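S.K.: what's the 3D shape of this:
(2 chains)
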Amino acid sequence: MSSSELRESSFWILTALAAGRNHGYALLQETRDLSSGRVDLKVPTLYASLDRLRDQQLVALDGDEVIDGRLRRYFRLTDEGASRLSAEIERMEANARGARARLKLRANPAPMAAMA
Amino acid sequence: MNGESAERADGSELASEYRRLLRWYPRAWRTENEEAMLGALLDQAESDGRNVPTAAERSAIAREGLRERFGLPHRGQRLRLLPLAAGFLLSVFYALLIIWAPNTSYPGSVGPFANPSILTCVLLVAAFLAALLVRGKAASVLALAAAVAEIVIGIVTAMHPPFSAHPWEGPGSSAVVLFAGIAILGAVLSRQGRMLTAGTLLVLAAVAATLVVSFTQAELGLFSPVSIALTLGIAVAVTLAIILLVVRRRPRRV
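M.R.: Take a look at the predicted model:
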């Protein structure tokens, strides 16, 4: 498993696929919703990200379907992708714990500082 | 799926317009992916209630298509190209405006160029083009060759000053330091993985040692301004190389 960080767009794509297979347009909507609008990918950018994630075997193709005359290509999260997403979540949680602990120190200053 | 079915189903010119834009991508890519991307683009347009591609879509298709076609580097890699881009610009400027002298011929001139640093310029331009095509190793080797070439040219020039028995036209010491510094930085940053290999470091150390030895043999003496400038430049470059070798590269974002 790679130790490199995930871009935010990659993180949300993997997160969107964690619930199950999905196609390109639905992934655009899901990543936008999940990120509260911060990640607003265009279709070509989404496909470039998916190509990169596929190269790293974090995402795999999961068949094509024709709906109303349009081709929809489905993608799924691989086991490696799930592990990678878990590792990223743990990293973010560790960061959050550290930041929260520091904020508590600010709210409750040490006695020495209070005496001074 | 039939390539034209999307147009028929959609009954619009929008699909044709998207298909035309998708020609930015190479044919092999389109054979495999065009219908899928077209379907997503049409879904998005339908959701937005529009019948023309947006400007952002047009630029994204062009950008990603060119990247797919030519293997252009992604955003994270582009910053690593800055030294080689600077080297490219410097080389073009130097070759065309500084040393372009088609009607002169004397020891050191090379064809229509006034001094042999044209070799360094050519190598740096090639290194930049290789880096643009994501040929990191080739770019690194070419940039390193440019650095070595410029340093050797600088040594030869310093050993044959203008008023000696065998004068030799070459670049000034500032040009040598500038070219060699940019080339070494470009060689270091254009590599993937570790920023500098042990082999590269050894080459740099050998070049630095050669430089010092050359100056002890030259009539200039170790403490002339030229030799001090060159030696300092090499010392800085080698120190930087060692630092970059030791410090781990920041993890690449996926």
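S.K.: Packing partners of the longest helix belonging to chain A?
M.R.: In chain A, assigned by DSSP state H, the helix with the most residues is helix A:79-107. Judged by 3 or more Cβ pairs under 8 Å, 6 or more residues apart in numbering or on different chains; DSSP states H and E, helix A:79-107 is in contact with helix A:8-18. Heads up, the C-betas are built off the backbone N, CA and C, glycines and all.
S.K.: Please repeat the previous calculation with a cut-off of 6 Å.
M.R.: Here helix A:79-107 touches no other helix or strand, going by 3 or more Cβ pairs under 6 Å, 6 or more residues apart in numbering or on different chains; DSSP states H and E.
S.K.: Point out where the chain drops to low pLDDT.
M.R.: Let's take chain A. A:1-4, A:110-116 (pLDDT under 70).
S.K.: My question was about chain B, not that one.
M.R.: Ranges of chain B meeting pLDDT under 70: B:1-11, B:71-80, B:134, B:162, B:191-254.
S.K.: can you give me the helices in it?
M.R.: So, for chain B - with DSSP H - the helices run B:5-10, B:14-21, B:27-48, B:55-70, B:75-78, B:82-93, B:118-132, B:136-159, B:173-189, B:198-217, B:225-246.
S.K.: picking up where we left off before, what inclination does the longest helix of chain A have with respect to helix A:8-18?
M.R.: 120 degrees (axes from the mean of the first three to the mean of the last three Cα atoms, to 10 degrees).
S.K.: ok, and for helix A:79-107, which residues are buried?
M.R.: A:81, A:84-85, A:88 (16 or more other Cβ atoms under 10 Å in any protein chain shown).
S.K.: just stretch B:143-161 next, same as before
M.R.: So for stretch B:143-161, counting by 16+ other Cβ under 10 Å, buried means B:143-155, B:157-161.
S.K.: Now the residue in chain A that chain B sits nearest to. Its backbone dihedrals?
M.R.: Here chain A gets closest to chain B at one residue, A:Gly69, 2.5 Å apart by Cβ to the nearest Cβ. Here is the backbone geometry of A:Gly69 (degrees, to the nearest 10): phi 80, psi 0.
S.K.: Stretch A:23-39 near chain B at all?
M.R.: Yes: for stretch A:23-39, a contact with chain B is found by Cβ under 6 Å from any Cβ of the partner chain, at A:24-25.
S.K.: Can you give the contact residues for that stretch?
M.R.: Stretch A:23-39 has contacts (Cβ atoms under 6 Å, 6 or more residues apart in numbering or on different chains) with A:8-9, A:12-13, A:15-16, A:40-41, A:46, A:72-74, B:40, B:43.
S.K.: and that stretch, how far out from the chain's middle?
M.R.: 11 Å (Cα atoms, centre = their mean, to the nearest Å).
S.K.: got the buried residues for that stretch?
M.R.: A:23-28, A:30-32, A:35, A:39.
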